[in-house]
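Q: Sequence and predicted structure below; questions after.
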Number of protein chains: 2
Amino acid sequence: MTKSTPAAKLAKSFAPADARLALTAQRFPAFDRETVTLARLTNFVAKGLANHANRALKHHGLNHTGYAVMVMLFGSSDQTLTPSQLVDATHEKSANITRICDDLLRQGLISREVDAVDRRKVQVRLTTAGEKRIMEILPDVVAVTRNNFALLDTAERLQLDYLLRKVIEGQEQMP
Amino acid sequence: MTKSTPAAKLAKSFAPADARLALTAQRFPAFDRETVTLARLTNFVAKGLANHANRALKHHGLNHTGYAVMVMLFGSSDQTLTPSQLVDATHEKSANITRICDDLLRQGLISREVDAVDRRKVQVRLTTAGEKRIMEILPDVVAVTRNNFALLDTAERLQLDYLLRKVIEGQEQMP
DNA sequence: AATAAATAATACATTTATGAAATAAAAAGT
DNA sequence: ACTTTTTATTTCATAAATGTATTATTTATT
């Protein structure tokens, strides 16, 4: 009989992936089933988060990445960040930040101006309209985001927070 | 003074996001900082996993999604799955599975044939070349994947597995 | 048996994301 | 002061992913 994964009864939608990974582990001895499964699980959850957020954001004229940019700006002193800082805050590639900002600018949600001190830099700032928009959107998206984690109690959320940070720490040490 | 997150010392690269989310929580009382942070953390980790995998896969002519499709086929009886089963196993959208299979077919790594019993279905099968390719690739990708989780001990990996499945369980219950 | 409803896969148009090269300004080295 | 190197952002070509509509086949209903 095949060894089952720790929480096999949970997450029916992950069952097909589980089954394939179990068989691959049988066929390929060096296959590190537990870490590969963690990678697939993370991917699953991230996709779900993005999908749900996108649905809530669609009729607000944004997707989850544009929203992430807006939130990071909203959470900045002066509601201003440079594209590089947006890259750091969102983990998006710089070319994507440029594209997203182009779109937010078209919608009048941000402004762009060259930094007076260091003229290589650009200051991206939330406009009044942008601030208004993000305040409208936040309740919706926060509610949806919360639902994703609704089954976790407080201790489990803290535990997940801790573990994910530890993974990131490990990723930072990779070549 | 601002309350710090549970594991603030970990994961330097997440610090900019942390700082913005903290300030947003101050400015917008209904902002559920802990769950929103979990969502961002998950996104960060998933992006890191994909980036690292892509780097390892590039000179094998694949990206992480094409690789996922190959692995799921490798882990199937007969090394055969229908596109629908690939959708379930990878969480990719069906249109994307079609596109990826087109590419794998061009590379001669899979074959496609209409199911004899139910002619709506297509059986996607790993070719000999595909099997050879995935066997070559696996050690590399497994090593890279393992590195992402290198800082977690066995108990922590099991815990993370459990928590992610519980999140998926919650996502399944969402409208 | 004929028709309607459901399922499977793909095609097409569009959006989203990336890598690599280009541009521009500042900082460092000589 | 002058050249080189580094940093910041954007441009451009291309790849990856998605939503919606379409086609084909099977299953259910009458």
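A: Yes, it's here.

Q: And the longest helix seen in chain A, what's buried?
A: Looking across chain A with DSSP state H, the single longest helix is helix A:33-57. Neighbour-count burial for helix A:33-57, counted by 16 or more other C-beta atoms under 10 Å in any protein chain shown, picks out A:33-50, A:52-53, A:56-57. The C-beta positions use only the backbone N, C-alpha and C, and glycine is treated the same way.

Q: quick one: contacts for A:Ser77?
A: With contacts defined as C-beta atoms under 8 Å, 6 or more residues apart in numbering or on different chains, A:Ser77 is in contact with B:Leu23.

Q: Kindly report the same for the one 10 residues further on.
A: By C-beta under 8 Å, 6+ apart, the contact set of A:Val87 is A:93-94, A:97.

Q: Now do the strands in chain A.
A: Secondary structure of chain A (DSSP state E): strands at A:80-81, A:110-114, A:122-126.

Q: partner strands of the shortest one, parallel or antiparallel?
A: Pointing back at strand A:80-81 there. As defined by DSSP bridges, the strand partners of strand A:80-81 come to strand A:122-126 (antiparallel).

Q: Please work out which residues outside the strand it pairs with touch it.
A: Residues contacting strand A:122-126 (C-beta under 8 Å, 6+ apart): A:70, A:73-74, A:78-83, A:86, A:101, A:109-115, A:134.

Q: which of the residues you listed come close to DNA strand D?
A: Contacts with DNA strand D are made by A:82-83, A:101, A:112, A:115 out of the contacts of strand A:122-126, judged by C-beta under 7 Å from any atom of the strand.

Q: Filter those down to the buried ones, PyMOL style.
A: This is the PyMOL syntax for the buried subset of these, where burial follows 16+ other C-beta under 10 Å:
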select buried, chain A and resi 82+83+101
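
Q: Could I get the ones next to DNA strand D among the contacts of strand A:122-126 in JSON lines, plus columns for distance to A:Val124?
A: Shown next, in JSON lines, are these (distance: C-beta to C-beta, whole Å):
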{"residue": "A:Thr82", "distance to A:Val124": "7"}
{"residue": "A:Pro83", "distance to A:Val124": "6"}
{"residue": "A:Cys101", "distance to A:Val124": "6"}
{"residue": "A:Arg112", "distance to A:Val124": "6"}
{"residue": "A:Asp115", "distance to A:Val124": "11"}
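
Q: can you put the ones next to DNA strand D among the contacts of strand A:122-126 in JSON lines and add distance to DNA strand C and pLDDT?
A: Shown next, in JSON lines, are these (distance: C-beta to the nearest atom of the strand, whole Å; pLDDT from 0 to 100):
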{"residue": "A:Thr82", "distance to DNA strand C": "13", "pLDDT": "98"}
{"residue": "A:Pro83", "distance to DNA strand C": "12", "pLDDT": "98"}
{"residue": "A:Cys101", "distance to DNA strand C": "11", "pLDDT": "98"}
{"residue": "A:Arg112", "distance to DNA strand C": "15", "pLDDT": "97"}
{"residue": "A:Asp115", "distance to DNA strand C": "8", "pLDDT": "96"}
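
Q: closest to chain B among the ones next to DNA strand D among the contacts of strand A:122-126?
A: A:Thr82 (11.4 Å; C-beta to the nearest C-beta).

Q: Can the longest helix of chain A be said to contact DNA strand C?
A: No - judged by C-beta under 7 Å from any atom of the strand, helix A:33-57 stays clear of DNA strand C, getting no closer than 7.7 Å.

Q: Could you confirm whether that helix reaches chain B?
A: Yes - judged by C-beta under 8 Å from any C-beta of the partner chain, helix A:33-57 comes into contact with chain B through A:34-50, A:52-53.

Q: out of those residues, which touch DNA strand D?
A: With C-beta under 7 Å from any atom of the strand as the criterion, those include A:47, A:50 near DNA strand D.

Q: Find the residue closest to A:Pro139 in space, skipping its chain neighbours.
A: In space, and not counting its chain neighbours, A:Pro139 is closest to B:Ala30: 6.1 Å by C-beta to C-beta, 6 or more residues apart in numbering or on different chains.

Q: how many other residues sit next to that neighbour?
A: B:Ala30 is flanked by 9 other residues according to other C-beta atoms under 10 Å in any protein chain shown.

Q: now do A:Ala155
A: A:Ala155 sits with 8 neighbouring residues when counted by other C-beta under 10 Å.

Q: For A:Ser111, which residues are in contact?
A: Taking C-beta under 8 Å, 6+ apart, we find A:Ser111 in contact with A:105, A:124-125, A:127.

Q: Let me know the closest of the residues you listed to B:Asp161.
A: The closest of those to B:Asp161 turns out to be A:Val124 (C-beta to C-beta; 38.7 Å).

Q: Who does the closest one form a beta bridge with?
A: Applying DSSP bridges to A:Val124 gives these bridge partners: A:Leu81, A:Arg112.

Q: measure it to A:Tyr67 for me?
A: Counting by C-beta to C-beta, to the nearest Å, the gap from A:Val124 to A:Tyr67 is 15 Å.

Q: And for A:Leu160?
A: Taken as C-beta to C-beta, the span from A:Leu160 to A:Tyr67 is 22 Å.

Q: Between these two, which has more neighbouring residues?
A: Between A:Leu160 and A:Tyr67, A:Leu160 has the larger neighbour count (other C-beta under 10 Å), namely 24 against 21.
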